[in-house]
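[1] After the sequence you'll find the predicted model.
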Amino acid sequence: MADASAVKRDQVEVVRAWHEAVNRGDADTLVALSDDEIEVGGPRGSARGHAILRDWLDRTGIQLEPRRWFASPSGLVVEQFATWRGPDGAVTDPQLIASSFTVEDGRVMRTIRYGSLKEALTATGLTLTDEVLSAAG
């Protein structure tokens, strides 16, 4: 069985590559890094599948700048500066948000967006002591 630090490192690498694909607008790589039935969620609920993921990427033009990373063997939370296109097509001002990720077998199974780091940590059972990386590190 892999040790906890190796599991955390693997999760971080998958989610780092996932962020890079999002920021390039590279839907094919994003889909390849995601489970066929990936759950994508946020304040308005959640949906599943690659088609949802492709639509989300295309519709929002989202950009995610990871700031801080928190990990356990069962999950990962990333605090991010995010911008995206609203319904009117205008890009939002940068907002500090956090997203949780579940990674299994090298693929993102689930990602949920939260309005704050505190919300994401509470929802996942992680704490500030689970921080593994920061933007400064």
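    Looks like it arrived, so ask away. Numbering: from 1, shown residues only.
[2] how many other residues sit next to Gln95?
    11 (other Cβ atoms under 10 Å). Glycine gets a C-beta too; all of them are placed from N, C-alpha and C.
[3] quick one: the closest residue to it other than its chain neighbours and Asp10, what's the gap?
    Counting by Cβ to Cβ, 6 or more residues apart in numbering, the nearest residue to Gln95 once its immediate chain neighbours are dropped is Ala82, at 5.4 Å. Shown here: Ala82 relative to Asp10, a distance of 24 Å by Cβ to Cβ, to the nearest Å.
[4] the more surrounded of the two?
    When Ala82 and Asp10 are compared on other Cβ under 10 Å, the one with more neighbours turns out to be Ala82, at 18 against 15.
[5] picking up where we left off before, show me the beta-bridge partners of the residue nearest to Gln95.
    In this structure, Ala82 bridges to Leu64, Gln95 when assessed by DSSP bridges.
[6] do Val77 as well
    Beta-bridge partners of Val77, counted by DSSP bridges, are Phe70, Ser100.
[7] so where is the chain shaky, pLDDT-wise?
    Across the chain, residues meeting the criterion (pLDDT under 70) sit at 1-7, 134-137.
[8] now the strands: where do they sit in it?
    Counting by DSSP state E, the chain has these strands, from start to end: 34-42, 45-48, 63-72, 75-83, 95-104, 107-114, 131-134.
[9] Those: which one's closest to Arg16?
    Arg16 lies closest to strand 63-72 among the strands of the chain, at 7.3 Å (Cβ to Cβ).
[10] contacts for the closest one?
    Defining contact as Cβ atoms under 8 Å, 6 or more residues apart in numbering, one finds that strand 63-72 is touched by 4, 8, 11-12, 15-16, 19, 22-23, 76-84, 94, 96, 99, 117, 121, 124-128, 130-135.
[11] Then stretch 93-102?
    Residues from elsewhere that reach stretch 93-102, judged by Cβ under 8 Å, 6+ apart: 11, 15, 18, 64-65, 67, 74-83, 108-117, 119-121, 123-124.
[12] And it, what's buried?
    Applying a neighbour-count criterion of 16 or more other Cβ atoms under 10 Å, the buried positions in stretch 93-102 are 97-102.
[13] For Ala32, state which of those is nearest.
    Phe101 (15.7 Å).
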